[in-house]
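Student: test case, fold it:
(one chain, ligands or ions: 2)
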Amino acid sequence: MSTKSVIMNGETKVDGVVHINGMKRKIQDTNYHESPAPKRQCGQYEEVQNIKNLLFKRVKCRPTIGIVCGSGIGGLADVVEDAEVIKYGEIPGFAVSTVPGHKGQLVFGTLQGKSVVLMQGRIALPIRVMHVMGVKMLILTNAAGGLNESFNVGDIMVIKDHINMPGFAGMNPLVGTNDDRFGPRFPAMSNDNLYFYRFGPRFPAMSNDNLYFYRFGPRFPAMSNDNLYFYRFGPRFPAMSNAYSLKHRKLAHKVARELGFHDFVREGVYNMLCGPNFESVAECRYIRMIGADATGMSTAHEALVARHCGMEILGMSLITNKCVLDFDSDQMANHEEVLETGAKRSKDFQKLVSKIVEELELQ
Ligand SMILES: O=P(O)(O)O[C@H]1O[C@H](CO)[C@@H](O)[C@H]1O
Ligand code: HPA
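Tutor: Numbers count the residues shown, from 1 in each chain. Ligands and ions are numbered 1, 2, ... in the order given. Now for the predicted structure:
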């Protein structure tokens with residue numbers, strides 16, 4: 001006899017298979033989002049702790065700020081003082097970055113008096129390693145193609161939000177069983193401070209502030225009197241608010257003005273596609289239509305992993321080329337142009353990031 005249960009509106013579970021809008025999803029628990037995922041690129045907790053221990057045996061630096069250097073932007077490492085460099089190949093589990101323009105190493109040291117770690121070469125695992133090392137603030141940089149017609153090659157776009165396009169097709173670094181030691185189950189990336197749970201968290205304390213809203217209410221609420229949320233296992237459907245926080249975007253623009261960079265520092269929405277091909281003209285037109293100002297092949301997943309474990313983020317894209325939006329154009333994006341623009345703007349980018357680091361107030 002088959003067992004059938006209604007999980008939530010429109011979703012039913014029949015013999016361990018969830019049916020959503022006519023599609024079948026095999027599940028382990030009652031939660032289809034927790035179906036077994038392939039080995040997680042952003043790291044299991046023990047693995048991440050082991051890497052941290054290994055790194056802390058090798059370096060003196062205890063970073064509080066992490067910086068991910070995009071294509072052609074790695075020159076920032078040159079201004080890091082007391083640099084301690086570890087190649088990805090020396091770190092178990094770190095994929096060796098294959099993109100030209102990415103050196104594939106971690107650089108620990110001091111920037112403007114603050115302890116930092118730079119990733120020269122982007123892979124997902126180090127974000128969680130940074131988190132367990134104590135990094136509170138992550139600066140994400142990338143090279144991106146400009147979609148906004150008013151952007152020029154060489155502009156720097158402060159990211160106000162992102163579109164995780166691969167996520168539309170199920171590619172999200174947070175898919176798989178949630179490890180609550182990193183963060184909650186369903187982080188939202190909206191820009192407000194309200195938490196919405198689809199079902200409510202599992203074992204939350206009912207805090208004293210008025211920022212948390214439950215759509216259905218928490219499962220096992222305690223009524224304690226403190227202002228903090230403690231998750232024993234983490235909430236199921238939390239929102240991850242303030243992803244690219246206004247505070248840090250404002251700081252980036254203030255610093256840009258102080259440096260006289262305001263003419264080429266812009267703001268906009270970053271779109272991530274998987275790559276490795278550059279986008280077709282129709283794709284570019286589509287991404288522009290849905291609200292993106294620039295597009296690349298990175299950053300959104302790192303932002304998701306970072307926000308999931310509670311890090312603050314600031315993102316900046318160097319517009320290295322203009323995306324081709326005209327079907328009849330013979331222009332073609334290419335990685336050489338990306339690196340070339342990166343090189344031309346590298347000193348300005350370094351100054352901007354260094355001064356932002358100097359002025360960052362860590363909570
Ligand atoms: O996002 P970063 O690492 O800057 O690199 C960008 O540049 C490469 C394409 O030229 C792609 O990897 C794209 O994502
Ligand atoms: O035009 C682009 N598309 C995708 N990624 C990129 N990285 C730099 N430029 C681009």
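Student: what about the strands in the stretch 151-300 of the chain?
Tutor: Secondary structure of the stretch 151-300 of the chain, counting by DSSP state E, counting those that start in this stretch: strands at 156-164, 195-197, 212-214, 265-272, 294-296.
Student: and the helices in the stretch 101-250 of the chain?
Tutor: Taking DSSP state H, counting those that start in this stretch as the criterion, the stretch 101-250 of the chain contains helices spanning 125-133, 165-168, 246-258.
Student: list of residues touching the second one?
Tutor: The set of residues that contact helix 165-168 without belonging to it, under C-beta atoms under 8 Å, 6 or more residues apart in numbering, is 172, 271-274, 287, 300-301, 304. Placement of C-beta: from N, CA and C, glycine included.
Student: what about 7 Å?
Tutor: Residues outside helix 165-168 that contact it (C-beta atoms under 7 Å, 6 or more residues apart in numbering): 271-274.
Student: just the last one next, same as before
Tutor: Taking contacts as C-beta under 7 Å, 6+ apart, the residues outside helix 246-258 that touch it are 158, 160, 262, 265, 267, 312, 314, 316, 352, 355-356, 359.
Student: one more time with 10 Å, if that's ok
Tutor: Contacts with helix 246-258, where a contact means C-beta atoms under 10 Å, 6 or more residues apart in numbering, come from 137, 139, 156, 158-160, 191, 242, 244-245, 261-267, 312-316, 348, 351-361.
Student: rewinding a little: most tightly packed of the strands of the stretch 151-300 of the chain?
Tutor: Mean neighbour count (mean count of other C-beta atoms under 10 Å) peaks for strand 294-296 among the strands of the stretch 151-300 of the chain, with a mean of 27.
Student: give me the distance from the helix or strand containing residue 304 to the chain's centre.
Tutor: Using DSSP states H and E, residue 304 sits in helix 300-308. Here helix 300-308 is found 3 Å from its chain centre; the criterion is C-alpha atoms, centre = their mean, to the nearest Å.
Student: tabulate the CA atom coordinates of it in CSV.
Tutor: Provided in CSV are the C-alpha atoms of helix 300-308 (Å, rounded to 0.1, in the frame of the first residue of the first chain):
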residue,chain,number,x,y,z
ALA,A,300,27.2,34.8,-7.0
HIS,A,301,28.0,31.3,-5.6
GLU,A,302,30.8,32.7,-3.4
ALA,A,303,28.3,35.4,-2.2
LEU,A,304,25.8,32.7,-1.3
VAL,A,305,28.3,30.6,0.6
ALA,A,306,29.6,33.7,2.4
ARG,A,307,26.2,35.0,3.4
HIS,A,308,25.0,31.5,4.4
